[in-house]
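> Just the structure for this:
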Amino acid sequence: MADDKVNASETPVEKPDRYAEMREHYAKGEELTEDEVDAIADIAVSHVRSLLSYFGENNITIDEYEGDDGELILDVTGGNLAVLIGRHGRTLDALQMVVSSLMSAVLRFHYPVVVDIEGYKMRRKDKLRTLALQAAARAKRQHSKVTLPPMNAYERRLVHLALVGDDYVTTHSEGEDPSRRVIVTALRG
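Take a look at the predicted model:
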């Protein structure tokens, strides 16, 4: 029965959870320290560089900055990156999902990291805000509703947020993905 003994040197050793304290801070709603955000940025940049290397994009620059909603934004420039944006940003959305999944797997919590390519998402965000304001103006002028083109969930959210402060219109989404769209309706006043 001596074989039933477990040799301490043979037992698997668990790796310490490097991000437990960071995860705890984030779960409590505490602001992460600059070092913690830098660690997250380093991991995200490493994943983005690795993914882009599969496309032969090794000479890129990645600028890191904090977004309006506290998210970490990685703006990739250099090389031939237009193909990574794709039609209507669909390839970029897929890249975003892969990076978000990788980050959540490593950190074991979701920290918002946005991958942008040559400022595409910022330009798109500005365009959607303008589109939302124009739709609201048209809905109010015509005392009716305006249906916007199909958008993904992130873009629909941006439209809703752009009009949340307008007391003369309301917004809601209709339809099934990928044809789901925002409806801007004038309120009778």
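> now the strands for the chain?
All strands of the chain, identified by DSSP state E, fall at 61-66, 72-77, 113-117, 145-147, 169-174, 181-186.
> Report the residue ranges of every domain in this structure.
16-118, 123-186 (automatic domain parsing).
> still on that earlier bit, pick the most deeply packed of the strands of the chain.
strand 113-117 (a mean of 23; mean count of other C-beta atoms under 10 Å). Quick note: C-beta positions are derived from backbone N, CA and C, even for glycine.
> could I get that strand in PDB with only the CA atoms?
Listed next in PDB are the C-alpha coordinates belonging to strand 113-117 (Å, rounded to 0.1, in the frame of the first residue of the first chain):
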ATOM      1  CA  VAL A 113     -10.800  47.100 -24.800                       C
ATOM      2  CA  VAL A 114     -11.600  48.600 -28.200                       C
ATOM      3  CA  VAL A 115      -9.600  47.800 -31.200                       C
ATOM      4  CA  ASP A 116      -9.700  50.500 -33.900                       C
ATOM      5  CA  ILE A 117      -7.900  50.600 -37.200                       C
END
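> Just put the domains of the chain in TSV and tack on mean pLDDT.
Formatted as TSV, these follow (pLDDT from 0 to 100):
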stretch	mean pLDDT
domain 16-118	91
domain 123-186	95
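> What separation do you get for the one residue sitting closest to the centre of the chain and Thr61?
Centroid-nearest residue in the chain: Val114, 4.1 Å away (criterion: C-alpha atoms, centre = their mean). With distances taken as C-beta to C-beta, to the nearest Å, Val114 is found 16 Å from Thr61.
> can you tell which of the strands of the chain is closest to Ser50?
strand 61-66 (11.8 Å; C-beta to C-beta).
> partner strands of that closest one, parallel or antiparallel?
strand 72-77 (antiparallel) (DSSP bridges).
> show me what contacts the closest residue to the residue nearest to the centre of the chain other than its chain neighbours?
Nearest residue to Val114 in three dimensions, chain neighbours excluded: Ile73, at 4.7 Å (C-beta to C-beta, 6 or more residues apart in numbering). With contacts defined as C-beta atoms under 8 Å, 6 or more residues apart in numbering, Ile73 is in contact with 64-67, 113-114, 116.
> Widest-spaced pair of these?
Glu66 and Asp116 (13.1 Å).
> give the contact list for the residue nearest to Leu187 when sequence neighbours are not counted.
Once flanking residues are discounted, Leu187 sits nearest to Tyr168: 5.6 Å by C-beta to C-beta, 6+ apart. Applying C-beta under 8 Å, 6+ apart to Tyr168 gives the contacts 136, 140, 186-187, 189.
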